[in-house]
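*Asks:* Compute the structure for the input listed below.
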Amino acid sequence: MELLSRLTDFLWNPWLLGLFLTTGLVYSAGSGFFQLFEFPVWWRATAGSLFRRPQVGGKGGLSPFQALATALASTIGTGSIAGVAAALAAGGPGAIFWMWVFSFLGMMTSCGEKLLAVKYQRRGPDGQLRGGPMFYLRDGVGSPFLASCFCLACLPATLAGGNLVQSSSIASSLEAAWGLPRLAVGLAAALLAGLVMLGGLGRVAAVSTALVPLMAALYLGGGGLVLARNWSAVPAALGQIFSHAFRPAALAGGCGGWTVSTAIRYGAARGVFTNEAGLGTSAIAHGAARTDSPARQGMWGIFEVFLSTMLVCTVTALAILSSGAWRPGGPSGAALTAAAFGSVLGPVGEGVVTLSLLLFAFSSILGWSCYGEQSLAFLFSQENGPRKMPRGLTLLYRAVFLGCVVLGAVWSPQAIWQLVDLCNALMALPNLAALLLLAPQALGELRRWNSSKKMEKPY
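*Replies:* The predicted structure follows:
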């Protein structure tokens, strides 16, 4: 376990942190900080479009909103509840500041991923649209080898961060709330996930479209009540976040192990885990979208990071800090978030966290199962024309995936987080390299689309 920890720390600090930062800066500066100065543009193209007309996927693809819901199903997972609390425990309040920094830059990284996923999407043997890092690595960068490396890293990631962590959170929360046996919870979760997985990407998208708005409204509503009740303590919580980001000495006295580097390390890692910007996984869902422009789908990438990290994770962090539930050496993970909500809303608040965690984690399991199947299918495709993956191989992957749902329910989550960070690092390396190499294409596409929208009447 110590060897795994050392390897993960070596990859993340400083190499991957620098690469995430560089990629985010290239896309942010290259676009003129589009995520900030063109806020009305991407907001109207995403949230604003939901009030104008219904979006349908049409034949052989998903609608832009269905693609977003499928991606959010995997991104708004336990990281939004337990992961933020874990970042506070490992890196102190300063970790939240660095999570914001990397997420702000990651909004444009995410935009580039989704744009390129649509630009290089292909139609599979089943007639469905397919896209993602493996396609723009192969067809854009011209490296089938790196495309295969991404898929090979994605497969264990679907079993670790997309499965074991989520299942463990479901089982532990139900055990703590109602004393349900962890094994029975794991078996039930595996059965429900298997029924959805049988319908493939289309059924996962349909379930995600129903679950994501519900779980986001439930959690943000509960968090909003906590913040409203503790409003006078919010400025002090913000002060903790900013001061601890730059002055680790202020944390001396029981938690001297926190440094600026640990705050950056865990803030960035948990931010990446919650929004997946730079990993490339959520781009797989967006690669199945039917849209009139790759850049338009990129707007949903910006919105995705905004919702999952800048909004949901910020509500979690401020609720914990403003409630006084956080203390060095105290509870961590979902228990800490439940304590924060419970301090204001009582048992109802703890129930909101438990139910939100169930929905977040289960939807993540569904989303990541699709990423694994798409990666496996790509590995068994021909470069000049995809062939259908053997049915037996699909069934084998699903059996292993569902077995991990059961395993995660009875396995301690502490042993999983290092594996999650390692898998994320191995996926991010080829994906970030591709984003940097293809940045001129992506930024040019974005500029052309933005110019064309400004010449039209307001949409």
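*Asks:* What residue, apart from its backbone neighbours, is nearest residue 425 spatially?
*Replies:* Using Cβ to Cβ, 6 or more residues apart in numbering and skipping the chain neighbours, the partner closest in space to residue 425 is residue 11 (4.2 Å). C-beta: built from backbone N, CA, C; applies to glycine.
*Asks:* and if you look at residue 234?
*Replies:* Nearest non-adjacent residue to residue 234, counting by Cβ to Cβ, 6+ apart: residue 322, 5.1 Å away.
*Asks:* can you count the residues close to the one you found?
*Replies:* Neighbour count of residue 322, defined by other Cβ atoms under 10 Å: 25.
*Asks:* Need the residues that contact the strand or helix carrying it.
*Replies:* Secondary structure assigned from DSSP states H and E places residue 322 in helix 314-323. Residues outside helix 314-323 that contact it (Cβ atoms under 8 Å, 6 or more residues apart in numbering) are 80-81, 84-85, 88, 93, 96, 99-100, 219-220, 223-224, 226-227, 230-231, 233-234, 236-238, 240-241, 326, 336-337, 339-341, 343-344.
*Asks:* I'd like to know which of those are buried.
*Replies:* 80-81, 84-85, 88, 93, 96, 99-100, 219, 223, 226-227, 230, 237-238, 240-241, 326, 336-337, 339-341, 343-344 (16 or more other Cβ atoms under 10 Å).
*Asks:* Touching, the residue nearest to residue 425 and residue 424? I think so.
*Replies:* No. Counting by Cβ atoms under 8 Å, residue 11 does not reach residue 424; the two are 9.3 Å apart.
*Asks:* More neighbours: which of these two?
*Replies:* With neighbours defined as other Cβ under 10 Å, residue 11 and residue 424 compare such that residue 424 has more, 25 against 19.
*Asks:* Show the model's pLDDT score for the more buried one.
*Replies:* You'll see residue 424 listed with a pLDDT of 83.
*Asks:* which other helices and strands contact the helix or strand harbouring residue 147?
*Replies:* Taking DSSP H and E as the definition, residue 147 sits inside helix 144-159. Taking 3 or more Cβ pairs under 8 Å, 6 or more residues apart in numbering; DSSP states H and E as contact, the helices and strands that helix 144-159 lies on are helix 133-135, helix 347-379, helix 391-410, helix 417-437.
*Asks:* now what about that helix, what contacts it?
*Replies:* Residues from elsewhere that reach helix 144-159 (Cβ under 8 Å, 6+ apart): 133-135, 137-138, 279-281, 368-369, 371-372, 375-376, 378-379, 383, 400-401, 404, 419-420, 423-424, 426-427, 430-431, 433-434.
*Asks:* what does stretch 430-441 give?
*Replies:* Stretch 430-441 is contacted from outside by 19-20, 22-23, 26-27, 30, 109, 112-113, 116, 119, 133, 136-137, 140-141, 146-147, 149-150, 153, 278-280, 442, using Cβ under 8 Å, 6+ apart.
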